[in-house]
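> Sequence isn't available, so here's the structure alone:
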């Protein structure tokens, strides 16, 4: 099974200059806890509801600040549409994440792959294994 068989293709995006409030409202409207941040057709970051809580609410930042202040940037973990789903779940486990950005061959965003997508289309056994690996303490924390 390929990533494209399981991923969510209806993905709302944000621009780095969008306000934190705008992105939070988008999350509420589409009932999603993650929004990729795209600039010039490339994913430059990802923001989760957890990022907003930890980097905005907990630090007392303004909701009118740009989302670029709250997003996870640097290396955005991604997979390609035609990657094998088992390899994608292994990547989730290795990096201890529950979601991956899905890109096409040109590097453009085509979807999001979440553990929920995997559960729906790949099976509870694989999700359980991946979740167990994601939830383990990393070697640095031990």
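Done, it's in. Just so it is clear, the model here is predicted, and its values are computed rather than measured.

> going forward, measure contacts between C-alpha atoms and count neighbours the same way
Fine.

> Pairing-wise in the sheet, spell out the partners of the residue sitting nearest the centre point of the chain.
Among the residues of the chain, the one closest to the centroid is residue 99, at 4.3 Å (Cα atoms, centre = their mean). On the basis of DSSP bridges, residue 99 is bridged to residue 114.

> List the residues that contact it.
92, 112-115 (Cα atoms under 8 Å, 6 or more residues apart in numbering).

> Spell out, range by range, the strands that occur in the chain.
34-39, 42-48, 78-80, 99-103, 109-114 (DSSP state E).

> For residue 65, find the nearest of these.
strand 42-48 (13.6 Å; Cα to Cα).

> Taking strand 34-39 as reference, get the angle to the closest one.
150 degrees (axes from the mean of the first three to the mean of the last three Cα atoms, to 10 degrees).

> what helices or strands is strand 42-48 leaning on?
strand 34-39 (3 or more Cα pairs under 8 Å, 6 or more residues apart in numbering; DSSP states H and E).

> And for residue 70, the neighbour number?
24 (other Cα atoms under 10 Å).

> where's the closest residue to it other than its chain neighbours relative to residue 69, distance?
Closest residue to residue 70 apart from its sequence neighbours, by Cα to Cα, 6 or more residues apart in numbering: residue 55 at 5.6 Å. Distance, residue 55 to residue 69, using Cα to Cα, to the nearest Å: 8 Å.

> Mind checking which of those two has more residues around it?
residue 69 (18 against 15).

> dump the residue contacts of that one.
Applying Cα under 8 Å, 6+ apart, the residues near residue 69 are residue 55.

> Sounds good, over and out.
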